[in-house]
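>>> Kindly generate the corresponding structure for this input.
(2 chains)
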Amino acid sequence: MNKPRLVTPNFITEIIDEDLRAGRYSRIVTRFPPEPNGYAHLGHAIASYIDFGIAHDYGGECRLRMDDTNPEAERAEYAEALIADMGWLGWDWGPAVSYASNYFEALYQMAEKLIQKGLAYVDSVPPEEMARLRGTVDKPGTPSPYRDRSVAENLDLFRRMRAGEFHNGEHVLRAKIDLSSPNMKLRDPVLYRIVHAEHYRTGKAWCIYPSYDFAQATTDALDGVTHSLCSLEFVDNRAIYDWLMDHLWGEPPLHQTPRPHQYEFGRRSLEYTVVSKRKLRKLVEGGYVRGWDDPRMPTLAGQRRRGVRPEAIRRFAGQVGISRTNRTVDIALLEGAIRDDLNTTAPRVMAVLRPLKVVLTNLAEPRTIALPYWPQDVIQESPDGLVPLPDGRRVQPAEATRTVTLTPELYIEQDDFAITPPKGFKRLTPGGTVRLKMAGVIRCERYQTDGAGQVTELLCTLLPQEAKAAGVIHWVSALDAVPAEFRLYDRLFTVPHPEAEAKELEDEAETPEDHDFLRFVNPKSLEVVQGYIERSVLQDPPDTRYQLERNGYFWQDPTDSKPGALVFNRIVTLKDNWGRNAEQVEEKRETVSHKALGKKRAESPASPQPAVILTPDQESRLQSLLAQGIPQAEALVLAREPRLADFLLLASQSAPISALANWVVNDLAPAIRTGVCRVTPAGLAGLVKLLEAGEINTRIAKDVLAEAQESGTDPAEIIRQKGLRQVSDKGALERIVDRILAENPDKVAAYRAGKTGLLGFFVGQVMRETQGQANPQLVQELVRQKLG
RNA sequence: UGGGGCAUCGUCUAAUGGCAGGACAACGGUCUUUGGAACCGUCGGUCGUGGUUCGAGUCCACGUGCCCCAGCCA
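As a prediction, the model looks like this:
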């Protein structure tokens, strides 16, 4: 771990840390298993960042594995594109890409082994019948008539399946697990099905193919994977994964690999976009975009063509983070990551996107000017003091320049001139002045308009050196600059959550699924303008990314830009606090976030006090518990759970029932319910008696109870062994409190200034000092007193 | 509807019973030959109701909302 860590610590790295500490694994292997049935998108980028990033952080390995178990959906073209995209992102998967299809023979052998163990059977009911027999979420399934076939018959049929004796759908191999499981995934999942189709890698060698569940677990194990990370929708599938490993791991061919375990994380989607393959296909096929690599697409091919660098994608993925919740990420995070990446890597040049002609009436001769590629701040922040040229060479800042020509005829942006300027306008106005970047201040003397009132030309004079102006604008020479097309990309959708919004519409109107999201496609997601760019760019490598000053980051479209007909893609805008910003703020205000919608709905049905409904039986138990002095909240729980009440009753033989109740309900209930409680009723009673007598405090009681549950030792015995007792000696506590206060003068001041939340901090410090044995009430009282 | 998962500033993410913190966004300021960048500051959050506790985002109970599962897809 000498390199900086890519993935911030999270619930998965905690598991890994613990696994390493306990010696369960000596090294970490993860895997990224895309199915080659489509192009990689930003969702893949984030998932791969987690898989490859964690492996990197632990000095382990991450396998790139094509999950190619469905020949009808998969194509070599997709596999190649996926591999190229992962390479572009910069991931290292070692010497070879792994393929599930490479393991087909081993998988087949393991399937036979399951049959031999009586754990898998060939089922021969038609698909619809199998679905019916599986039951529903609230009705258990019923066994197929073929479920109890003999091992010999199963083996024979399975071998004949492989030999191609049957048609698609005639038979499947199923795991024999549990048809009545509440987890639908465990109702005898399919392990192998017959598919007479040519596979893009194995050709016609196979006509049976393993299912996702079977292939995933087994190929993980064969690949030596230790931590198999996937997204949250596979939580239920983990039961199959573990079942398969229970029965296959440890024997050949899985006798020399670590046992893999699956962990799930939440998916990430992005505002103003969609990533489902079906929906992306509709965008392409419906002509909403120009192809899979359209720069508006969230595909990596699209982002790459747009000009986004892999560094930016990785920076973005790293900032997004991991958790166990599905989340939709703010698009500003992506845009910010792209800008951060380009700010220090993209040299500055000038281009005018929407030209307005300017004539400098007092400039007799063209002037040649050397312009720096970089602004001062980038130069100053450069770690080595050098700065890159467009061709990549790093040079002294003074050498990082190009020349432009100031000629009597120029172009500036139409937006940079206004006849009637809005308030705060810092650019050119009739009679006003503005600085042309690095070329001097001009004043607008006159302007000409066409019949429609559009400004067509400005007549300006160049002012002397010492002239001042409030604003600076960019410009190009009308004679020297080269024409270019600029493609200005904006968000693909007009709303941040197109899928969610479409779903609401579909629910209401009952329109076909996956359709309505198209109505949110942003009609202005692509704007094409014709302008001019300074000539210097013709000498640069065609893949140079520039900041076109005040216009954003651009590069030449890698497929459409030609030497005589330049085409530039806008990669991302500059942040802008002016102009169109005013409308955007309004828009944003009106857009209620999806989550806020949900919250609003939750609150609106004027939540009535939840009435707990009890059976007559429970009601009478409740009354009797209340009569014994047990508080309402505990009594309610106990009334409904006889198991807890019984425990309490036993304990109450040797300690007051009213003092015991909250311990049973709040601390021991989960263990008692699941039958794993190692604290006996008498043990609890003994503990509560010590507590009641003031010998110990609740903190000690809680800790001891947890330890007793862990070790099975009697709580009172633990207290004796450790010599635990509550410290209520005022003098002793006072000394500790004084010391703590003296050690934290800043905190004391903050407390006195009103930050009373710090009381917990001080009490906590004292409790820590005394290993939890101080009397917390007393400590709190003392702290309060001293801090006045 | 049975099972499972999840809920912390606008967004993403920390806090492992003891100071609700960071990043992005927004807003304000400084600086600036980019209305960029940088720097400084401000705003803003524990889904709800009860309970346990000296102390609860964290533990308990009951609610509410969202997501996943009934493919021979993955």
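
>>> now for the longest strand anywhere in chain A, which elements pack on it?
Using DSSP state E, we find that the single longest strand of chain A is strand A:440-449. The criterion is 3 or more Cβ pairs under 8 Å, 6 or more residues apart in numbering; DSSP states H and E, and the helices and strands that strand A:440-449 contacts are strand A:433-436, strand A:455-462. For glycine as for every other residue, the C-beta is placed from the backbone atoms N, C-alpha and C.

>>> and it, what's its mean pLDDT?
In this model, strand A:440-449 has a mean pLDDT of 97.

>>> now stretch A:230-247
For stretch A:230-247, the mean confidence score works out to 98.

>>> Run the contact check for that stretch versus RNA strand B.
Yes. Stretch A:230-247 is in contact with RNA strand B by Cβ under 7 Å from any atom of the strand, via A:232-237.

>>> that older thread, can you list the neighbours in contact with the longest strand of chain A?
Applying Cβ atoms under 8 Å, 6 or more residues apart in numbering, the contact partners of strand A:440-449 are A:358, A:360-361, A:406, A:417, A:419, A:428-436, A:455-463, A:465, A:467-469.

>>> need the residues of the stretch 401-550 of chain A near RNA strand B, please.
A:424-427, A:435, A:437-438, A:440, A:471-474, A:503, A:547, A:549-550.

>>> Looking at those residues, spot the one nearest A:Y58.
Closest approach to A:Y58 among these (Cβ to Cβ): A:Q547, at 37.5 Å.

>>> Can you give the strand pairings for the helix or strand containing that closest one, parallel or anti for each?
Per DSSP states H and E: A:Q547 is located in strand A:546-548. Paired with strand A:546-548 in the same sheet, following DSSP bridges, are strand A:348-349 (parallel), strand A:552-556 (antiparallel).

>>> So for RNA strand B, which of the ones you listed sits nearest?
Of all the strands paired with strand A:546-548, it is strand A:348-349 that lies closest to RNA strand B, at 5.1 Å by Cβ to the nearest atom of the strand.

>>> and that closest one, does that touch RNA strand B?
Yes. Judged by Cβ under 7 Å from any atom of the strand, strand A:348-349 comes into contact with RNA strand B at A:R348.

>>> Mind listing the strands the next helix or strand after that strand pairs with, and their directions?
Later in the chain than strand A:348-349, the nearest helix or strand by DSSP H and E is strand A:351-352. Strand A:351-352 pairs in its sheet with strand A:526-533 (antiparallel), by DSSP bridges.

>>> pLDDT averaged over the helix ranked longest in chain A, what's the number?
Taking DSSP state H as the criterion, chain A has its longest helix at helix A:42-57. Averaging pLDDT along helix A:42-57 gives 98.

>>> try stretch A:761-775
94.

>>> With stretch A:250-260 instead?
Mean predicted confidence for stretch A:250-260 is 97.

>>> Name every strand pairing with the longest strand of chain A and say which way it goes.
strand A:433-436 (antiparallel), strand A:455-462 (antiparallel).

>>> so which one among the residues of the stretch 401-550 of chain A next to RNA strand B has the lowest pLDDT?
A:K503 (79).

>>> list the contacts for it?
With Cβ under 8 Å, 6+ apart, A:K503 has no contacts at all.

>>> Can you tell me the element it falls in?
Here A:K503 is assigned to helix A:498-509, by DSSP H and E.

>>> Please report how far A:V151 lies from A:M86.
As defined by Cβ to Cβ, to the nearest Å, A:V151 lies at a distance of 42 Å from A:M86.

>>> More neighbours: which of the two?
A direct count of neighbours by other Cβ atoms under 10 Å for A:V151 and A:M86 places A:M86 higher, at 23 against 13.

>>> Touching, that one and A:R63? I think so.
No. In this structure, A:M86 is not within contact of A:R63 by Cβ atoms under 8 Å, at 11.2 Å.

>>> any residues in contact with both of the two?
Shared contacts of A:M86 and A:R63, counting by Cβ under 8 Å, 6+ apart, come down to A:32, A:93.

>>> correct me, but A:T345 touches A:L389?
No. When contacts are counted by Cβ under 8 Å, A:T345 is not listed as touching A:L389 (11.8 Å).

>>> before we move on, the earlier item: filter the residues of the stretch 401-550 of chain A next to RNA strand B down to the buried ones.
For those, a burial check counting by 16 or more other Cβ atoms under 10 Å picks out A:425-427, A:435, A:437, A:440, A:472-474, A:547, A:549-550.

>>> Now the two most distant members of those residues.
A:F425 and A:Q547 (23.2 Å).

>>> so who does the residue nearest in space to the middle of chain A touch?
Taking Cα atoms, centre = their mean, the centroid of chain A lies closest to A:R268, which sits 3.8 Å from it. Contacts for A:R268 (Cβ under 8 Å, 6+ apart) come out as A:43, A:46, A:320, A:326-329.

>>> quick check, nearest of the residues you listed to RNA strand B?
Distances from RNA strand B to those, taken by Cβ to the nearest atom of the strand, are shortest for A:R327, at 3.4 Å.

>>> Poorly predicted segments of the stretch 601-750 of chain A, please.
A:601-612 (pLDDT under 70).

>>> Could I get the full set of helices for it?
A:616-627, A:632-640, A:642-651, A:657-663, A:669-673, A:681-692, A:698-711, A:715-722, A:730-743, A:745-752 (DSSP state H, counting those that start in this stretch).

>>> Redo the ones you listed as CSV? Include mean neighbour count and distance to A:L758.
Supplementary listing: these in CSV, determined by neighbours: other Cβ atoms under 10 Å; distance: least, Cβ to Cβ, whole Å:
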stretch, mean neighbour count, distance to A:L758
helix A:616-627, 14, 40
helix A:632-640, 19, 30
helix A:642-651, 19, 38
helix A:657-663, 20, 28
helix A:669-673, 15, 33
helix A:681-692, 21, 28
helix A:698-711, 17, 19
helix A:715-722, 17, 30
helix A:730-743, 15, 11
helix A:745-752, 14, 4
